[in-house]
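Engineer: what's the 3D shape of this:
(4 chains)
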There are 2 protein chains.
Amino acid sequence: MVTLAEVAQHAGVSASTVSYVLSGKRSISAGTRQRVERSIQELGYHPNAGARALASSRSNIIALMVPLRTDMYVPVMMEIAIAVATHARTHGYDVLLLTGEEGPDAVRRVTGSGLADAMILMDVELDDERLPLLRQTDQPSVLIGLPADTSGLTCVDLDFGATGALCAEHLALLGHRDIAVIGEAPAVYERHTGFAERTLDGLRSRSRELGLRVLHRPCEGGYDAMALTLARILDERPGTTGFVVQNESAVEPLLALLRQQGRAVPEDVSVIAICPDQVATQASVRLTSVAIPAQEMGRLAVEHLIAKLEGHGKDEVVLIAPELTVRASTGPAPTAA
Amino acid sequence: MVTLAEVAQHAGVSASTVSYVLSGKRSISAGTRQRVERSIQELGYHPNAGARALASSRSNIIALMVPLRTDMYVPVMMEIAIAVATHARTHGYDVLLLTGEEGPDAVRRVTGSGLADAMILMDVELDDERLPLLRQTDQPSVLIGLPADTSGLTCVDLDFGATGALCAEHLALLGHRDIAVIGEAPAVYERHTGFAERTLDGLRSRSRELGLRVLHRPCEGGYDAMALTLARILDERPGTTGFVVQNESAVEPLLALLRQQGRAVPEDVSVIAICPDQVATQASVRLTSVAIPAQEMGRLAVEHLIAKLEGHGKDEVVLIAPELTVRASTGPAPTAA
DNA sequence: GAATCCTGTCGAAGCGCTTCGACAACCTAT
DNA sequence: ATAGGTTGTCGAAGCGCTTCGACAGGATTC
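Structural biologist: Model prediction:
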């Protein structure tokens, strides 16, 4: 294993000079710099991460806590995680993958040991038990998701309230009057992960203004659960002509069931999905949807974290404006026959 | 930040004693141990990761390289990643998340800097350019996936050859004679990720023995691509009564299309999917499937890596035996009318 | 009762790096 | 020409831990 000292000797300079070439924290003459860089190349030198961390008390690692549960739509999680990792690298940071399993202890362990310089938390609950810890350490952090009390925290999330409102507007504009929301699994609501409730609130309040009637039903993913949920909805509100689906694993089942019952999309009923674009375009009907911008969320989280690590960067809530893309699953409400 | 020295002082012992209490590498009297442990508790001490890594030249970190591409079924990746992280923790290791983006350089960087003690590589190609590097470092590693040349490497994977054979056997036993394989996206084959080819090889050779006729078509995910692929298959082999689907995002489209064409599953055609159980049970038909044991793969990879880190543990190829679960999507071939 | 072995503890060296202060050597301005 | 700044480099201290050898004192052996 090549050390700084060996590079220094090879280049005929002192160790500190090599260090300054590497960090750029002091000016170095062009000649010396080149000589050092050549030595680094020739010897294949890589700075030792541990020694660096010890001396500088910066690990250049960002911790990312992902949820252990799998009831949140997993591809979105993966996409965010990969976006975080990729982006962190462009700033010279690596990413440590923590699962929610350890809970608050993981936060203590990581901040206490100096393993990471900062952390990103995904799947934040409204009243998350990790938040007090984050507030009291001076280690920068960013949440992906929105807790009840955001004071002293930086959060990045899709504006789910506006997302709900957007869905209501689109359906109202098309003349629909009775709409149903296929929500996330009951567990998501029980856990108070916020985003589902915020969507619903936004949708409900806008619906009130627009004179839409809203029926909301949580729904586990899959075909059977969806069948049951749909039957109940149509039983209670036979005149329902618009659907907003928040649970992705309910989308395709819903489409299949509607087809099976002879309800044409979008002629008889309209469907809006809240999902990544990829899902919307690959479904059996090209879906009108509000995109979940996973990459963007990951990127923003990293940007804000880096800003905090560099000293500028304040606590703030960053809500991404939703965008609704009209595709082939929504159309004018059928005129009452 | 609390240091070892402070704990030592608080407990009235020397620093080395505290260190030995922590590591258990020398015997410590019960009294001293308890005093030290109480001090650790009271002061809220966490060993500094960097200092530890520097002094011991072990970082207690495992690097996990995940593919950047998203054409491999992503939930499986996520599941493996989480299983790796969870399992690594039970052995005292954290996981560093690397994306494939950096390519071989990431391997150099991580081994060179001592950032991680070992690494797990996912999505290994048949002739992966990272393999030579792995062979020449003495850092332990485990691959998830199977390259062409496994000499000097430890690999964990589902036995995709046997998986293919199993599918052929099941369909043959039910009396099917003409079967079609809906493969992964063409990009997967071009990239030579092996597993798709191995499935096909296993399926073909067993089919030959059993007298099955096989038609294989790669297929992008999604409804449109599947529609096209299915049309071509039925055009070329109208008598096809069995389908083996390896691309998960083609499963639901296939079922929808068959339904739409009036072909009943499993009365007219049988469908086997190669996918996680969750997908198989949530589809619009409960699918007969061969499970992709993501958790198991992650767990095994970690176990073998730990074994290598501890000195015992040899290079070997670990193939997980496939299991076929019969559900509602396969049945006897329709008797030729 | 001396020689030997454990057992439990300590001190000190050092892991490879960053960073601070010092200081030559040179360059301006006056 | 001289006081004052710059610029580029070095030496040394120290980050917090592990680990090795040393050794005191008690237990075991013959």
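Engineer: Now do the helices in the stretch 1-150 of chain A.
Structural biologist: Using DSSP state H, counting those that start in this stretch, the helices of the stretch 1-150 of chain A run over A:4-11, A:15-23, A:30-43, A:49-56, A:74-90, A:104-113, A:131-136.
Engineer: how many neighbours does A:Gly100 have?
Structural biologist: Residues lying near A:Gly100 (other Cβ atoms under 10 Å in any protein chain shown) number 17. Heads up, the C-betas are built off the backbone N, CA and C, glycines and all.
Engineer: Same check on A:Arg58?
Structural biologist: 15.
Engineer: these two touch, right, it and A:Ala118?
Structural biologist: No. If you go by Cβ atoms under 8 Å, A:Arg58 and A:Ala118 don't touch, sitting 10.0 Å apart.
Engineer: what residues are up against A:Leu174?
Structural biologist: Shown in contact with A:Leu174 (Cβ atoms under 8 Å, 6 or more residues apart in numbering or on different chains): A:Gly242, A:Ser270, A:Thr330, A:Gly331, A:Pro332, A:Ala333.
Engineer: So which of those residues are in strands?
Structural biologist: A:Gly242, A:Ser270 (DSSP state E).
Engineer: and DNA strand C, which of the contacts of A:Leu174 reach it?
Structural biologist: Among the contacts of A:Leu174, proximity to DNA strand C is found for none (Cβ under 7 Å from any atom of the strand).
Engineer: Could you export the contacts of A:Leu174 to a markdown table, including columns for distance to chain B?
Structural biologist: Formatted as a markdown table, these follow (distance: Cβ to the nearest Cβ, whole Å):
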| residue | distance to chain B |
| --- | --- |
| A:Gly242 | 22 |
| A:Ser270 | 18 |
| A:Thr330 | 17 |
| A:Gly331 | 19 |
| A:Pro332 | 24 |
| A:Ala333 | 25 |
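Engineer: out of the contacts of A:Leu174, which are buried?
Structural biologist: A:Gly242, A:Ser270, A:Thr330, A:Gly331, A:Ala333 (16 or more other Cβ atoms under 10 Å in any protein chain shown).
Engineer: For the second one, list each beta-bridge partner.
Structural biologist: Note on A:Ser270: beta-bridge partners by DSSP bridges are A:Gly242.
Engineer: any idea how far DNA strand C is from it?
Structural biologist: Going from A:Ser270 to DNA strand C by Cβ to the nearest atom of the strand, to the nearest Å gives 59 Å.
Engineer: Contacts only, for that residue.
Structural biologist: The neighbourhood of A:Ser270, defined by Cβ under 8 Å, 6+ apart, consists of A:Leu171, A:Leu174, A:His176, A:Thr241, A:Gly242, A:Phe243, A:Thr288, A:Ser329, A:Thr330, A:Gly331, A:Ala333.
Engineer: Tell me how many other residues surround A:Gly311.
Structural biologist: 7.
Engineer: cool, A:Leu257 as well?
Structural biologist: 19.
Engineer: Going by secondary structure, it is in what exactly?
Structural biologist: Assigned by DSSP states H and E, A:Leu257 falls within helix A:248-260.
Engineer: if we can go back for a sec, out of the contacts of A:Leu174, who's nearest A:Gln278?
Structural biologist: Using Cβ to Cβ, A:Thr330 comes nearest to A:Gln278 of these, at 18.8 Å.
Engineer: and the closest one, what does it touch?
Structural biologist: Contacts for A:Thr330 (Cβ under 8 Å, 6+ apart) come out as A:His170, A:Leu171, A:Leu174, A:Gly242, A:Pro266, A:Ser270, A:Val271, A:Ile272, A:Thr288.
Engineer: hang on, isn't the fourth one packed against A:Ile179?
Structural biologist: The one in question is A:Gly242. Yes. Counting by Cβ under 8 Å, A:Gly242 does reach A:Ile179; the two are 3.8 Å apart.
Engineer: Next, show the common contact partners of those two.
Structural biologist: Joint contacts of A:Gly242 and A:Ile179 (Cβ under 8 Å, 6+ apart) are A:Leu171.
Engineer: Around DNA strand D, which positions in chain A sit nearby?
Structural biologist: So far as Cβ under 7 Å from any atom of the strand goes, chain A lies against DNA strand D at A:12-17, A:20, A:26-29, A:31-33, A:51, A:54-55, A:57.
Engineer: filter those to the buried ones?
Structural biologist: The buried subset of the residues of chain A next to DNA strand D (16+ other Cβ under 10 Å) comprises A:Val13, A:Thr17, A:Tyr20, A:Ile28, A:Thr32, A:Arg33, A:Ala51, A:Leu54.
Engineer: Output those residues in CSV; the columns should cover pLDDT and distance to chain B.
Structural biologist: Below are those laid out as CSV (pLDDT from 0 to 100; distance: Cβ to the nearest Cβ, whole Å):
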residue, pLDDT, distance to chain B
A:Val13, 96, 21
A:Thr17, 97, 20
A:Tyr20, 97, 19
A:Ile28, 95, 22
A:Thr32, 96, 23
A:Arg33, 96, 21
A:Ala51, 98, 5
A:Leu54, 98, 4
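Engineer: Close to chain B: what parts of the stretch 201-337 of chain A are there?
Structural biologist: A:221-223, A:249, A:252-253, A:255-256, A:259-260, A:281-285 (Cβ under 8 Å from any Cβ of the partner chain).
Engineer: about what we covered before: considering only the residues of chain A next to DNA strand D, which also neighbour DNA strand C?
Structural biologist: Within the residues of chain A next to DNA strand D, those near DNA strand C by Cβ under 7 Å from any atom of the strand are A:Ala15, A:Ser16, A:Tyr20, A:Ala51, A:Leu54, A:Ala55.
Engineer: Spatially, which two of those are the most separated?
Structural biologist: Of all pairs in those, the most separated under Cβ to Cβ is A:Tyr20 and A:Leu54 at 18.3 Å.
Engineer: re the thing from before, out of the helices of the stretch 1-150 of chain A, the one nearest B:Val7 is which?
Structural biologist: Between the helices of the stretch 1-150 of chain A, helix A:104-113 lies closest to B:Val7; by Cβ to Cβ that is 12.7 Å.
Engineer: which residues make contact with that closest one from outside it?
Structural biologist: A:63, A:65, A:96, A:98, A:102, A:115-116, A:119, A:129-130, A:133-134, A:137, A:139, B:1, B:44-49.
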